[in-house]
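[1] sequence and computational prediction follow.
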Amino acid sequence: MVASQVHLVRHGEVFNPDGILYGRLPGFGLSKLGHRMAAAAADELIGRERPISALLASPLQRTRESAAPIASAFDLDARIEDRIIEPTNHFEGTVMSRALKKPVNWPFLINPARPSWGEAYSRIEKRMLAAIDDAFDSVESGDVVLVSHQLPIWVTHLSVAGERFWHDPRKRRCALSSITTFERTIVEPEEQPAASPRAEQAHPEQAHPERAHPDSAHPEQAHTESAHPENGAPVVRIIEVGYVEPAAELNSTATDVGAV
């Protein structure tokens with residue numbers, strides 16, 4: 001037996017009066033509003049009346065604090081999961097509006113499809129899907145909660161949906177203290193989905209050899225299912241089954257500048 005569902009919970013608002021892109025920097029905990037948001041996420045999970053068998057959190061302060069009300073509600077200890085941490089970012093520790101005006105930073109903006117300013121989307125995908133797979137297998141029953149960050153959760157959504165990773169960071173559907181829920185399903189060979197819009201993005205040198213670049217293809221890229229089996233065997237896929245914003249009313253007054 002395995003977990004029935006895995007829930008990716010984003011942290012609440014961070015106390016950040018200077019508008020810093022905090023990334024992985026220490027010392028950025030939740031604001032008072034952020035603690036209320038985290039409590040709202042815990043209340044949402046309580047209201048579902050589903051057993052939570054395990055709770056994991058990114059090692060950063062804001063995610064550990066966001067996991068606390070969930071841990072209390074379900075009498076669990078929050079274990080640290082390094083693979084769901086915020087991605088690295090060249091602009092960490094800066095105010096983006098100022099950093100973008102400095103020519104020294106412009107080379108880091110040259111390739112938004114990778115992106116050139118931080119950890120490759122394909123690497124984020126790989127570690128997130130591995131963490132989710134392990135979360136499903138870590139318990140005999142019930143659900144598992146992972147408290148993570150906006151970009152890792154959004155990349156997971158894009159991966160599962162088969163959409164391209166290149167996107168406008170301002171348009172991510174991943175609000176503070178939101179909950180994105182996933183399940184595993186078995187797909188028969190005749191139900192295999194067609195090639196996704198991300199296929200060319202993952203291997204652009206195949207469709208357009210003239211665009212080939214050492215960083216454009218990622219042999220280590222993970223997928224939400226096993227490679228199409230030659231023997232026609234069924235494959236296990238991760239599918240997204242829900243998204244909610246328990247702290248929607250609080251988000252209207254929140255500040256959210258921690259990710260790019």
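    Good, I have the coordinates. Numbers count the residues shown, from 1 in each chain.

[2] backbone phi and psi for residue 80, please?
    phi -80, psi 130 (degrees, to the nearest 10).

[3] run through the residues that contact it.
    By C-beta atoms under 8 Å, 6 or more residues apart in numbering, the contact list for residue 80 reads 56, 57, 58, 59, 64. Any C-beta I mention is one placed from the backbone N, CA and C, and that applies to glycine too.

[4] same thing with residue 26?
    Counted by C-beta under 8 Å, 6+ apart, residue 26 has contacts 60, 61.

[5] sec struct for it, please.
    Using DSSP: H, G, I helix; E, B strand; the rest coil, the structure places residue 26 in coil.

[6] how close does it get to residue 157?
    Counting by C-beta to C-beta, to the nearest Å, the separation of residue 26 from residue 157 is 28 Å.

[7] tell me, how many residues neighbour residue 51?
    12 (other C-beta atoms under 10 Å).

[8] tell me which entries of the contacts of residue 80 lie within strands.
    56, 57 (DSSP state E).

[9] show me where this protein has its helices.
    32-47, 61-74, 96-99, 121-137, 150-161, 198-202, 204-207, 248-251 (DSSP state H).

[10] how about the strands in the stretch 151-260 of the chain?
    Using DSSP state E, counting those that start in this stretch, the strands found in the stretch 151-260 of the chain span residues 179-187, 235-244.

[11] could you pull out the buried residues of the longest one?
    Right, strand 235-244. Across strand 235-244, burial judged by 16 or more other C-beta atoms under 10 Å covers 235, 237, 238, 240, 244.

[12] residue ranges in the stretch 51-200 of the chain under the pLDDT threshold?
    Residue ranges of the stretch 51-200 of the chain with pLDDT under 70: 190-200.

[13] circling back to that earlier point, what is the lowest-pLDDT residue among the buried residues of strand 235-244?
    pLDDT across the buried residues of strand 235-244 is at its lowest for residue 235, which sits at 87.

[14] I figured it hits residue 184, correct?
    No - if you go by C-beta atoms under 8 Å, residue 235 and residue 184 don't touch, sitting 10.6 Å apart.

[15] quick revisit: of all the strands of the stretch 151-260 of the chain, which one is nearest residue 127?
    Closest approach to residue 127 among the strands of the stretch 151-260 of the chain (C-beta to C-beta): strand 235-244, 14.2 Å.

[16] tell me the angle of that closest one relative to helix 121-137?
    90 degrees (axes from the mean of the first three to the mean of the last three C-alpha atoms, to 10 degrees).

[17] strand 235-244 packs against which elements?
    With contacts defined as 3 or more C-beta pairs under 8 Å, 6 or more residues apart in numbering; DSSP states H and E, the packing partners of strand 235-244 are helix 121-137, helix 150-161, strand 179-187.

[18] what strands flank that strand, and is each parallel or antiparallel?
    strand 179-187 (antiparallel) (DSSP bridges).

[19] residues contacting the strand it pairs with, please?
    Contacts of strand 179-187 (C-beta under 8 Å, 6+ apart): 2, 4-10, 41, 44-45, 132, 136, 153, 156-157, 160, 174, 225, 234-244, 246.

[20] dump that strand to PDB, restricted to CA.
    The C-alpha coordinates for strand 179-187 follow below in PDB (Å, rounded to 0.1, in the frame of the first residue of the first chain):
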ATOM      1  CA  ILE A 179      -2.600  23.400  -1.500                       C
ATOM      2  CA  THR A 180      -1.900  21.500  -4.800                       C
ATOM      3  CA  THR A 181      -2.900  17.800  -4.600                       C
ATOM      4  CA  PHE A 182      -1.600  14.900  -6.500                       C
ATOM      5  CA  GLU A 183      -2.500  11.200  -6.900                       C
ATOM      6  CA  ARG A 184      -0.900   8.200  -8.700                       C
ATOM      7  CA  THR A 185      -2.800   6.500 -11.400                       C
ATOM      8  CA  ILE A 186      -2.100   3.500 -13.700                       C
ATOM      9  CA  VAL A 187      -2.200   4.300 -17.500                       C
END
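
[21] show me what counts as buried in it.
    Buried residues in strand 179-187 (16+ other C-beta under 10 Å): 179, 180, 181, 182, 183, 184.
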